[in-house]
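Undergrad: Could you look at this predicted model? Sequence included:
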Amino acid sequence: MNKIVHATFKGRKHEKDGLPCQDKTYELYNNGVSCLSLSDGAGSAKHSDLGADISTKVACRYMCENFDSIISNNNALEIKQAILKEINDALSQQATEADIDLTELAATLLCVAVKDEKYIIFHIGDGVIGYAEKDVIKVASKPINGEYINSTVFITTINAAEHAKLLRGNTEKITGFILMSDGTAESFYNRKKKILAPVLVNFIKKTALLEKEKIQQLIKNSFLELVLKKTQDDCSIGIMSIDVE
Amino acid sequence: MMREEQLFKLKDLIDNPAARLPVCLCLDTSSSMQGEKINELNKGIQLFYQNISEDEMAVYSAEICIVTFDSDVEIIQDFKTLDENNTPPTLGASGLTKMGEGVNKALDLLEDRKERYKEAGVDYYQPWLVLMTDGAPNGDKFVFKQASERTTNLVNSRKLTVFPIGIGSDANFDALKAFSPKFSPLKLKGLSFREFFTWLSQSVSNTSQSIPGDHPPLDKEGINEFSWKSWDNLDA
């Protein structure tokens, strides 16, 4: 079975302001699908931590339930719209129940689902999705931003499907996937060269080799000591190592 | 104490440059600004530089450009962080008021700076243009129209925030309004340049500390310290 680890860390700004961490991660194994998702709530949206939480869970559930049909559907826009509708419906329901505006739940979404030897990647907003082929880490999906650093695209953005990315392929040569929020990407994604730090390959290798608790502890130690000091933002990461049987 | 085991070392991490906030001060230095006005403006700019230099994030993030307009347009300083240059200029005043020409130059510099950011992979915030004048434009009318249309288009497409400030009773607010489709120009209370630049430096500081996706609100209450008016729908 594919192995998944993930973690979120509150950034210095939210610590200082007494606000919750707005990054969320989630994993789900169902119907033979391994699914990992990560979401970063919009900084200015009051309840975006809740939006991120809902988005990660709904995305994974949808991927697990509809993996085969997504793989066989050639209409990418239709798929993206369906995924976003599913998430936005859940967000809208939450907004109604809490008597808040939908925009207060705005969040990005990064998601990877794997079944047999096929994968699906869905990405909207900033953050980066990488994958490893043997000992090389590559970018699967770059940050999807507006022109300015404070103009990210979110799940709740009008016409979000036009800005979303959907990728499908074969995991034959792939050893793993990494999802990271933009806070984490500050440390591992070279914005100028648009490449990922080579050390990320080790993350995937260690995820495959070590006990889950051990790799989680390593991630925690390293992020608290190093990554969180390079940004004010929340930081989150998700790693899926592909089981080669 | 034994160091906790790490997944990676500091040297394994990428060093990305800080996100930049480009701020262009486009200032009237015509002859009517002579005397106390230009003195107070200079003091305001010094205070602006001082405040930003003392902010550990803004000093690396805010890039300041100063363009003056009188009978000519002069680039007093192209975009630089205060880490690179923290010496404020001392401006003089004489000549006409070629406002359109000044704004066009400011916009050219802003566009050029954004291209450089893109080439270097540097993230940046929506740029700010501060336009201050105590009179009416008397440069080329066609150039003025071109500059106001460029500015209006940028503001309306959310590519620029403009802070239009009129100084004194002779400032032409209709002319300033031509550069600010979203909200009315502010009238400076007397010569409260220092109060304005204190507010501006605090706004820069707040934006520099914001995280991606964040829209830190500008201090609407603080505007009362330096202006007779207010911006109800102020949004940067």
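TA: Structure's in. What do you need? If you're wondering where the values come from, they're calculated on a predicted model, not measured in any experiment.

Undergrad: tell me which parts of chain B are close to chain A?
TA: Selection of chain B residues close to chain A by Cβ under 8 Å from any Cβ of the partner chain yields B:4-10, B:12-14, B:16-17, B:19, B:120-126, B:158-159, B:207, B:209-216. All C-beta atoms are positioned from the backbone trio N, CA, C, and that covers glycine.

Undergrad: Please work out how many residues are found near residue 24.
TA: No chain specified, so I'll use chain A. A:Lys24: 27 surrounding residues under other Cβ atoms under 10 Å in any protein chain shown.

Undergrad: hm, I was asking about chain B
TA: Around B:Cys24 there are 27 other residues, counting by other Cβ under 10 Å.

Undergrad: confidence score at B:Ser184?
TA: We have a pLDDT of 84 for B:Ser184.

Undergrad: and what of B:Gly222?
TA: So, for B:Gly222, pLDDT stands at 82.

Undergrad: measure the nearest residue to it once chain neighbours are set aside to B:Asn224 for me?
TA: In this structure, B:Gly222 finds its nearest non-sequential neighbour in B:Trp199, 4.8 Å apart by Cβ to Cβ, 6 or more residues apart in numbering or on different chains. Separation of B:Trp199 from B:Asn224 (Cβ to Cβ, to the nearest Å) stands at 10 Å.

Undergrad: These two: who's more crowded?
TA: Each of B:Trp199 and B:Asn224 has its neighbours counted (other Cβ under 10 Å); B:Trp199 has more, 22 against 14.

Undergrad: Quick check, the more buried one in contact with B:Ser227.
TA: No: B:Trp199 sits out of contact with B:Ser227 when judged by Cβ atoms under 8 Å, with a separation of 9.0 Å.

Undergrad: Tell me which stretches of chain A form strands.
TA: A:3-9, A:23-30, A:33-40, A:109-115, A:118-124, A:128-133, A:136-141, A:165-170, A:174-180, A:189-190, A:195-196, A:235-241 (DSSP state E).

Undergrad: swap that for chain B, sorry
TA: For chain B, the strands defined by DSSP E cover B:21-28, B:62-69, B:73-81, B:128-133, B:161-166, B:186-187.

Undergrad: Comparing the ones you listed, which comes out most buried?
TA: Among these, strand B:21-28 has the highest mean neighbour count (mean count of other Cβ atoms under 10 Å in any protein chain shown), at a mean of 26.

Undergrad: what's the angle between that strand and strand B:62-69?
TA: Using axes from the mean of the first three to the mean of the last three Cα atoms, to 10 degrees, the inter-axis angle of strand B:21-28 relative to strand B:62-69 is 20 degrees.

Undergrad: neighbouring strands for strand B:21-28, and are they parallel or not?
TA: strand B:62-69 (parallel), strand B:128-133 (parallel) (DSSP bridges).

Undergrad: Which residues does it contact?
TA: Defining contact as Cβ atoms under 8 Å, 6 or more residues apart in numbering or on different chains, one finds that strand B:21-28 is touched by B:41, B:45, B:58, B:61-70, B:79, B:91, B:97, B:99, B:102-103, B:106, B:109-110, B:113-114, B:124-125, B:127-135, B:167, B:200, B:204, B:207-208.

Undergrad: rerun that using 7 Å as the cut-off
TA: The contact list for strand B:21-28, computed with Cβ atoms under 7 Å, 6 or more residues apart in numbering or on different chains, reads B:41, B:61-69, B:79, B:91, B:97, B:102-103, B:106, B:109-110, B:113, B:124-125, B:127-135, B:204, B:207-208.

Undergrad: What distance do you get for the residue of chain A most remote from its centre to A:Gly51?
TA: Ranked by distance from the centre of chain A (Cα atoms, centre = their mean), the top residue is A:Asp99, with 27.4 Å. Between A:Asp99 and A:Gly51 the distance is 15 Å, computed by Cβ to Cβ.

Undergrad: before we move on, what about A:Ala82?
TA: Counting by Cβ to Cβ, the gap from A:Ala82 to A:Gly51 is 19 Å.

Undergrad: now A:Leu196
TA: A:Leu196 is 27 Å from A:Gly51, by Cβ to Cβ.

Undergrad: same question, B:Ser53
TA: As judged by Cβ to Cβ, B:Ser53 and A:Gly51 stand 38 Å apart.

Undergrad: And A:Tyr189, by the same measure?
TA: Taking Cβ to Cβ, one finds A:Tyr189 at 24 Å from A:Gly51.

Undergrad: Of the two, which one has the most company?
TA: A:Gly51 (34 against 24).

Undergrad: what sits against that one?
TA: Applying Cβ under 7 Å, 6+ apart, the residues near A:Gly51 are A:41, A:45, A:91, A:105-107.

Undergrad: Can you flag the buried ones in the residues you listed?
TA: By neighbour count, with 16 or more other Cβ atoms under 10 Å in any protein chain shown, the contacts of A:Gly51 hold A:41, A:45, A:91, A:105-107 as buried.

Undergrad: near chain B too, which of those?
TA: Filtering these for proximity to chain B (criterion: Cβ under 7 Å from any Cβ of the partner chain) leaves nothing.

Undergrad: Same list (those) but as a markdown table, adding pLDDT.
TA: Shown next, in a markdown table, are the buried ones among the contacts of A:Gly51 (pLDDT from 0 to 100):
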| residue | pLDDT |
| --- | --- |
| A:Gly41 | 95 |
| A:Ala45 | 89 |
| A:Leu91 | 97 |
| A:Leu105 | 97 |
| A:Ala106 | 96 |
| A:Ala107 | 96 |
